[in-house]
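Peer 1: using only what follows, build the 3D model:
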Amino acid sequence: MKAQRVIVVCDLETHTPLRDVHVVTKTNYRDTTDYTGTLHLPVAFEEATFMRYGYLAYTVKQENLTDTIMLLPSMNTLREVQVWGKDLRVEGLSCMLKGMQQAISAIPRSKTGASFDAAALFDRRSARDKRHLEKAKEVLKEWDEK
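Peer 2: You can find the predicted model right below:
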């Protein structure tokens with residue numbers, strides 16, 4: 001058995017070991033990582049390429065090889081996204097507004113201008129405030145006369 005070197009392959013962003021990463025050397029040596037992200041490389045090789053779907057391929061020379069290889073996830077981005085269709089939020093708001101206007105118009109209005117407030121019957125402060133206001137008006141009227 002030839003001398004081999006143990007390498008661990010991990011995700012660059014999450015630092016978790018990657019399984020099923022394929023490594024190929026120029027001498028056609030091939031290996032795949034297991035569930036712990038480890039694989040074996042021969043000691044003598046020129047360069048090795050690490051590949052996995054969803055990650056950028058990484059080629060490294062034997063002099064620069066470390067015990068841990070970090071693979072960068074490949075990202076596909078879109079420059080522009082166009083969305084076609086009706087904006088249901090606007091339609092929903094307009095329906096809600098119409099419903100509120102109909103509900104408000106259905107409320108009966110007082111034709112005499114006078115209104116009845118049942119809570120005011122039991123509120124002693126309003127009567128006290130009315131008396132206080134009348135006294136204040138009388139005092140101001142007396143001062144104006146002097």
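Peer 1: can you tell me how far residue 132 is from residue 92?
Peer 2: Using C-beta to C-beta, to the nearest Å, residue 132 is found at 50 Å from residue 92. Yep, even glycine has a C-beta here, placed from its N, CA and C like the rest.
Peer 1: my error: substitute residue 47 in the last question.
Peer 2: Distance, residue 47 to residue 92, using C-beta to C-beta: 60 Å.
Peer 1: neighbour count: these two, which is higher?
Peer 2: The residue with more neighbours, out of residue 47 and residue 92, is residue 47; 14 against 10, by other C-beta atoms under 10 Å.
Peer 1: tell me the pLDDT at the nearest residue to that one once chain neighbours are set aside?
Peer 2: Distance criterion C-beta to C-beta, 6 or more residues apart in numbering; nearest residue to residue 47, sequence neighbours excluded, is residue 61 at 4.8 Å. pLDDT recorded at residue 61 is 93.
Peer 1: run a quick neighbour tally on residue 61.
Peer 2: Using other C-beta under 10 Å: residue 61 sits among 10 other residues.
Peer 1: got it, and residue 37?
Peer 2: The number of residues packed near residue 37 is 20, by other C-beta under 10 Å.
Peer 1: look up how far residue 71 lies from it.
Peer 2: 10 Å.
Peer 1: anything in contact with each of these two?
Peer 2: Counting by C-beta atoms under 8 Å, 6 or more residues apart in numbering, the common neighbours of residue 37 and residue 71 are 9, 10, 18, 21.
Peer 1: between those, which is nearest residue 125?
Peer 2: residue 10 (73.3 Å; C-beta to C-beta).
Peer 1: quick one: the closest one is in a helix?
Peer 2: No: Residue 10: not assigned to a helix; according to DSSP: H, G, I helix; E, B strand; the rest coil it is strand.
Peer 1: ok, it - contacts?
Peer 2: Residue 10 sits in contact with 16, 17, 18, 37, 68, 69, 70, 71, where contact means C-beta under 8 Å, 6+ apart.
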